[in-house]
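# 3D model of this:
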Amino acid sequence: ENENSGNTNGIGIGLSITKKLVELQGGNIRIKSEAGQGTEVTDKTKTLPL
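Residues are numbered from 1 along each chain as shown. As a prediction, this is how the structure comes out:
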């Protein structure tokens, strides 16, 4: 499990784009954030057979 921490100075648009892309693929995404604890992002997407 990778753990990244630190201050990011973005404007928060990345998660909005990610949410839309996941939904366009028929999946869903859950974002849970707690001050001082960090953010947890969980996504489920469909996979196609190869």
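# for the residue positioned nearest the centre of the chain, give me its contacts.
Centroid check for the chain by C-alpha atoms, centre = their mean gives residue 41 as the closest residue, at 4.3 Å. By C-beta atoms under 8 Å, 6 or more residues apart in numbering, the residues touching residue 41 are 15, 18, 29-32. From N, CA and C alone the C-beta is placed, and that goes for glycine too.
# run through the bridge partners of it.
Applying DSSP bridges to residue 41 gives these bridge partners: residue 31.
# about what we covered before: hmm, which of the contacts of residue 41 are the buried ones?
residue 29 (16 or more other C-beta atoms under 10 Å).
# so what pLDDT did the residue nearest to the centre of the chain get?
Model confidence at residue 41, given as pLDDT, is 85.
# that one and residue 23: what is the separation?
14 Å (C-beta to C-beta, to the nearest Å).
# what is in contact with the two at once?
Contacts common to residue 41 and residue 23, judged by C-beta under 8 Å, 6+ apart, are residue 29.
# going by neighbour count, list what's buried in the host helix or strand of residue 20.
When elements are assigned from DSSP states H and E, residue 20 belongs to helix 13-24. Under the neighbour-count criterion of 16+ other C-beta under 10 Å, helix 13-24 has 19, 22 buried.
# can you list contacts of it?
28-29, 31, 41, 43, 45.
# and it, C-alpha only, in CSV?
Below are the C-alpha coordinates for helix 13-24, written out as CSV (Å, rounded to 0.1, in the frame of the first residue of the first chain):
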residue,chain,number,x,y,z
ILE,A,13,-10.3,19.9,-9.9
GLY,A,14,-8.5,16.6,-10.2
LEU,A,15,-11.0,14.6,-8.1
SER,A,16,-13.9,16.1,-10.1
ILE,A,17,-12.3,14.9,-13.3
THR,A,18,-11.5,11.5,-11.9
LYS,A,19,-15.1,11.1,-10.7
LYS,A,20,-16.5,11.9,-14.1
LEU,A,21,-14.1,9.5,-15.9
VAL,A,22,-14.9,6.7,-13.5
GLU,A,23,-18.7,7.3,-13.9
LEU,A,24,-18.3,7.4,-17.7
